[in-house]
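Chemist: here you go, sequence then predicted model.
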Amino acid sequence: MPKGAATGLILLGLAAVDFHSAFGQQTKPAFVREFKWPSPPGSTFPEGEWEKVKSPQTADYSSAKLDALRIWLKTLNTTGMLVVVSGRVLFEYGDVAQVSKIASVRKSVLGMLLGNYVVSGKINLQKTVKELGLDDLEKFVPIEERATLQNLIMSRSGVYFEDDSNAPRKGSRAPGVFFYYNNWDFNAAGTAFEKLTGRNIYDALETDLARPIGMQDYDRAKQKKIQTVPEHLISVHPEYAMYLSTRDMARLGLLMLRQGKWKDVDVLPKNWVDYLTTVHTPAAETGPTPSYGPSRWGYGALWWVWDAPLGTTSANWSEFTGSYTAMGTDGQYITVIPLYDMVVAHKNANIDQTPDRDVSALQYQTILQMLLDAHCDGGCR
């Protein structure tokens, strides 16, 4: 465990946060998990280009173990990976400037975009889908009409469709009581964002995030929504697909790690990162467990959150305490590991191209573990 981690664990706690005053007229969760991870001395932000560590050893990491990780990555479908420690690049693999679809990582980016508009009052998370005019081709039943925007971003809307054989029966779950990872929730939340702000989601991405944190590769012209073709149309709410580079994904992760602050500017409002990364759905309630064992990622609000019990020692899982991640199909990830002051951005640009080209959740978790195992804890030579 890196120096200062013990202090971080001591300061770990569940602290009440007044969301009524902080985020306007919202119903607040009872508690928000707050992690007080001080930024290490000498931490920085990238300017035009990312600064690199002088050598892994100067950052207290083993070159040999990172070389072993690089060799293993060559056997996977990873196309780009950037590991940032204290704002500097520790490890780089593949083409980190390549822009490609980030799949469900887009949902976590939407979560970041929401914050300033919630604080300003333009977005009220307690508005219902009926009040927001989110009616779809398949009409809401009365119980579904009560689902709020907050329910949507926690994937607890209770809105289900007849063509989804994996979903609970329509009208069988009240909003807020049951987690079901449902793309309808997320796509409808994107529609609500545009309705309430009067802004195109990609324009907001450019002005609210890309420019303030100096994204190197953001291209507004490459962003496009994906709507089901008319003859197979099942929803009026399109997928707001996003196309970013690995190194720009890492900037988003660093912004989250720094609690929404970029240098001296509050790009995200105070406490918003805590809100997004509070466990609202424990890992045990997120659905069927993967074949390799129980999942340790619970769900917050549009971000996945590490949910292993404090003190867990199996596979060094305690070292992930306080971590959270954005996940996208086939191997798109932005992971923040506060105990190591680390951000990991991982990309598989072969998404949607050929079968069997994914980077599995087990493979990615192994990547993360290899990174943490490369830390020397003061013992690098």
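Modeler: Perfect, thanks for sending it.

Chemist: quick check: residue 182 touching residue 155?
Modeler: Yes. With contact defined as C-beta atoms under 8 Å, residue 182 and residue 155 form a contacting pair (6.1 Å). Any C-beta I mention is one placed from the backbone N, CA and C, and that applies to glycine too.

Chemist: name the residue in the two with the higher neighbour count.
Modeler: Each of residue 182 and residue 155 has its neighbours counted (other C-beta atoms under 10 Å); residue 155 has more, 23 against 20.

Chemist: buried residues in stretch 260-269, which are they?
Modeler: Within stretch 260-269, the residues scored as buried using 16 or more other C-beta atoms under 10 Å are 260-262, 267-269.

Chemist: and those residues, which is closest to residue 91?
Modeler: Nearest to residue 91 among the buried residues of stretch 260-269, counting by C-beta to C-beta, is residue 262 at 22.3 Å.

Chemist: which residues does that closest one bridge with?
Modeler: For residue 262, the beta-bridge partners are residue 265 (DSSP bridges).

Chemist: can you map out the strands along the stretch 1-150 of the chain?
Modeler: Here the stretch 1-150 of the chain has its strands, by DSSP state E, counting those that start in this stretch, at 13-15, 32-34, 80-85, 88-94, 99-101.

Chemist: where does the protein dip in pLDDT?
Modeler: 1-38, 228-232, 288-294, 309-317, 352-356, 381 (pLDDT under 70).

Chemist: so what's residue 298 closest to, chain neighbours aside?
Modeler: Leaving aside its sequence neighbours, residue 298 sits nearest to residue 307 (C-beta to C-beta, 6 or more residues apart in numbering; 3.5 Å).

Chemist: thinking again about what came up before, out of the strands of the stretch 1-150 of the chain, flag the one nearest residue 138.
Modeler: strand 99-101 (26.9 Å).

Chemist: packing partners of the closest one?
Modeler: In terms of contacts (3 or more C-beta pairs under 8 Å, 6 or more residues apart in numbering; DSSP states H and E), strand 99-101 is packed against strand 243-245.

Chemist: so which residues make contact with the strand it packs on?
Modeler: 80, 96-102, 105, 215-219, 222-224, 347 (C-beta atoms under 8 Å, 6 or more residues apart in numbering).

Chemist: nearest spatial neighbour of residue 199, chain-adjacent residues omitted?
Modeler: residue 193 (7.9 Å).

Chemist: so the one you found is in which element?
Modeler: Residue 193 is located in helix 183-197, with elements delineated by DSSP states H and E.

Chemist: hang on, the earlier thing: wouldn't the residue nearest to residue 298 be in contact with residue 296 here?
Modeler: Yes. The criterion here is C-beta under 8 Å, and residue 307 meets it with residue 296 at 5.9 Å.

Chemist: who touches both of those two?
Modeler: Common contacts of residue 307 and residue 296, defined by C-beta under 8 Å, 6+ apart, comprise residue 283.

Chemist: can you count the residues close to residue 165?
Modeler: Neighbours of residue 165 under the rule other C-beta under 10 Å: 5.

Chemist: again with the one 3 residues further on
Modeler: For residue 168, the number of neighbouring residues by other C-beta under 10 Å comes to 12.

Chemist: distance of the residue nearest to residue 167 when sequence neighbours are not counted from residue 183?
Modeler: Nearest residue to residue 167, sequence neighbours excluded (C-beta to C-beta, 6+ apart): residue 160, at 4.0 Å. Distance from residue 160 to residue 183, counting by C-beta to C-beta, to the nearest Å: 12 Å.

Chemist: so for these two, which residue has more residues nearby?
Modeler: Ranked by neighbour count (other C-beta under 10 Å), residue 160 and residue 183 place residue 160 first, with 22 against 14.

Chemist: what secondary structure does that one sit in?
Modeler: Look at residue 160: counting by DSSP: H, G, I helix; E, B strand; the rest coil, its state is coil.

Chemist: how far away is it from residue 199?
Modeler: For residue 160, the distance to residue 199 equals 29 Å [C-beta to C-beta].

Chemist: residue 331 now?
Modeler: 30 Å.

Chemist: of the two, which one has the most company?
Modeler: Neighbours were counted for residue 331 and for residue 199 using other C-beta under 10 Å; residue 331 has more, 26 against 17.

Chemist: neighbours of the residue lying closest to that one once chain neighbours are set aside, just the number please.
Modeler: Among residues not flanking residue 331 along the chain, residue 359 sits closest, at 3.0 Å (C-beta to C-beta, 6+ apart). When neighbours are counted by other C-beta under 10 Å, residue 359 registers 22.

Chemist: need the contact list for residue 45.
Modeler: By C-beta under 8 Å, 6+ apart, the contact set of residue 45 is 87, 254, 258, 262-263.

Chemist: may I see the residues you listed organised as JSON lines, with distance to residue 39 added?
Modeler: Listed next are the contacts of residue 45 as JSON lines, based on distance: C-beta to C-beta, whole Å:
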{"residue": "87", "distance to residue 39": "8"}
{"residue": "254", "distance to residue 39": "11"}
{"residue": "258", "distance to residue 39": "7"}
{"residue": "262", "distance to residue 39": "13"}
{"residue": "263", "distance to residue 39": "12"}
